[in-house]
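*Asks:* build me a model from this:
(one chain, ligands or ions: 2)
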Amino acid sequence: METIVIGIEGTAWNLSAAIVNETDVLAEVTETYSPKTGGIHPREAAQHHATYAAGVIRDLLEEGKKNGLKASNINAVAFSLGPGLGPCLRTVATAARMLALSLDVPLVGVNHCVAHVEIGKWKTPARDPVVLYVSGANSQVLAYRAGRYRVFGETLDIGIGNAFDKFARSAGLSHPGGPKIEEYARNADTYVPLPYVVKGMDFSFSGLSTAATDALKSNPIEDVCYSYQETAFAMLVEVTERALAHTGKGEVLLAGGVGANMRLREMLDIMCDDRGASFYVPEKRFMGDNGAMIAYLGLLMFKAGSVTDIGKSHVNPNFRPDDVDVTWITED
Ligand code: ATP
Ligand code: FE2
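*Replies:* Ligands and ions are numbered 1, 2, ... in the order given. Got it, this is the predicted structure:
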């Protein structure tokens, strides 16, 4: 019998729920929180999710019904245990527990970072890639080895997306800053030197972001945006390349909202080409936070018997991908 799972994502600003089976996304409904000013306010985002959770799930089940799906066909309810903003995680976890109880199916608590990886593998030909996961709050280089997704490199301070957004705010640009920085960078003339910070296999963006803000005083915004991107992306590509060399893998998969950036894709593509590796980028809707990725990882875990007792379904805002016991990959 086919397995069907509902997943709810709401670790940050995006509340999104989806129903998947093994081959397709059968329904998806998203309700995005957008702060009136500045960045994301965790309690306001959680309030947003609390306000819309019931409606999003109702609309999702309606959409499923239109595609011939009954609530009784659903085998499990998945949600993110973390990482993410505590108040948002707790709100969505409560909704997921209630839904699992009312449908009388198991609950599956998943790791948000691992969900980005698995949907990328689902929606591209990548099988065993080195993954560059770059989003607002997260920046990590991951790869599977012996029952875990190991973290080969990661940010020592803030995620690249949040670093972009912080710089953009200081430059008077509206949220989210990433796409605006990419736009300005296209019209640059000169590279302005900025601090390149890679320590071992880890990277740091906080100092770079501050230096870029300072550089705005004496350089055109186009040049600063360009230089900021070139520097930050070179750091990410360097660590990804070293992870490829170290693991001997032949594929790179890009994940997370910052993966929308065309210059980052181009740089990764060149690096992969040089090394004879394949480079994969999923469709944009599967790169940023989405309900389908939670549902899909929930499906993989459910099939492998990894379900979560309601009594042990506490969220963990700092949940690391390398803490997850990967039960759904069988080694050949
Ligand atoms: P997470 O919870 O995984 O940290 P998130 O809530 O930040 O994710 P995502 O959709 O994965 O959400 O990523 C959003 C980030 O992506 C924002 O910081 C935004 O500025 C950045 N971003 C979006 N498009 C681009 C782009 N074209 N270039 C650079 N950054 C981008
Ligand atoms: Fe994410």
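
*Asks:* what sits against the residue of the stretch 201-332 of the chain found nearest ligand 1?
*Replies:* Residue nearest to ligand 1 within the stretch 201-332 of the chain (Cβ to the nearest ligand atom): residue 257, separated by 2.1 Å. (C-beta placed from N, C-alpha, C; glycine too.) Listed by Cβ atoms under 8 Å, 6 or more residues apart in numbering, the contact set of residue 257 reads 134, 135, 136, 161, 176, 178, 287, 288, 289.

*Asks:* can you report how many residues neighbour the closest residue to residue 136 other than its chain neighbours?
*Replies:* Ranked by Cβ to Cβ, 6 or more residues apart in numbering and with sequence neighbours excluded, the top spatial neighbour of residue 136 is residue 161, at 3.7 Å. Using other Cβ atoms under 10 Å, residue 161 has 24 neighbouring residues.

*Asks:* so the residue of the chain most remote from its centre, which of the three states?
*Replies:* Within the chain, the residue lying farthest from the chain centre (Cα atoms, centre = their mean) is residue 218, at 34.7 Å. When classified by DSSP: H, G, I helix; E, B strand; the rest coil, residue 218 comes out as coil.

*Asks:* got the buried residues for the helix or strand residue 98 falls within?
*Replies:* Assigned by DSSP states H and E, residue 98 falls within helix 86-103. Neighbour counts using 16 or more other Cβ atoms under 10 Å place 86-97, 99-100, 103 of helix 86-103 among the buried residues.

*Asks:* this protein against ligand 2: which residues are in contact?
*Replies:* 135, 289 (Cβ under 5 Å from the ion).

*Asks:* what about the strands in the chain?
*Replies:* Taking DSSP state E as the criterion, the chain carries its strands at 5-9, 14-20, 25-32, 76-82, 107-111, 130-134, 139-145, 148-154, 198-199, 202-203, 251-255, 278-280.

*Asks:* helices or strands next to the second one in the packing?
*Replies:* The criterion is 3 or more Cβ pairs under 8 Å, 6 or more residues apart in numbering; DSSP states H and E, and the helices and strands that strand 14-20 contacts are strand 5-9, strand 25-32, helix 42-66, helix 291-303.

*Asks:* so which of those comes closest to residue 156?
*Replies:* Ranking the helices and strands packed on strand 14-20 by proximity to residue 156 (Cβ to Cβ) places helix 42-66 first, at 22.2 Å.

*Asks:* can you put the helices and strands packed on strand 14-20 in a markdown table and add mean neighbour count, mean pLDDT and distance to residue 165?
*Replies:* Formatted as a markdown table, the helices and strands packed on strand 14-20 follow (neighbours: other Cβ atoms under 10 Å; pLDDT from 0 to 100; distance: least, Cβ to Cβ, whole Å):
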| stretch | mean neighbour count | mean pLDDT | distance to residue 165 |
| --- | --- | --- | --- |
| strand 5-9 | 29 | 98 | 20 |
| strand 25-32 | 19 | 96 | 15 |
| helix 42-66 | 17 | 96 | 14 |
| helix 291-303 | 28 | 98 | 22 |
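
*Asks:* now those in a markdown table, with distance to ligand 1?
*Replies:* Formatted as a markdown table, the helices and strands packed on strand 14-20 follow (distance: least, Cβ to the nearest ligand atom, whole Å):
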| stretch | distance to ligand 1 |
| --- | --- |
| strand 5-9 | 9 |
| strand 25-32 | 10 |
| helix 42-66 | 10 |
| helix 291-303 | 10 |
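
*Asks:* what is residue 251 paired to in the beta sheet?
*Replies:* In this structure, residue 251 bridges to residue 278 when assessed by DSSP bridges.

*Asks:* is it true that it touches residue 124?
*Replies:* No: at 9.0 Å, residue 251 does not count as touching residue 124 under the criterion of Cβ atoms under 8 Å.

*Asks:* off-centre distance for stretch 124-136?
*Replies:* Averaging C-alpha positions (Cα atoms, centre = their mean, to the nearest Å) puts stretch 124-136 10 Å from its chain's average.

*Asks:* domain-wise, how is this protein divided?
*Replies:* As assigned by automatic domain parsing, the chain contains the domains 5-117+286-323, 127-281.
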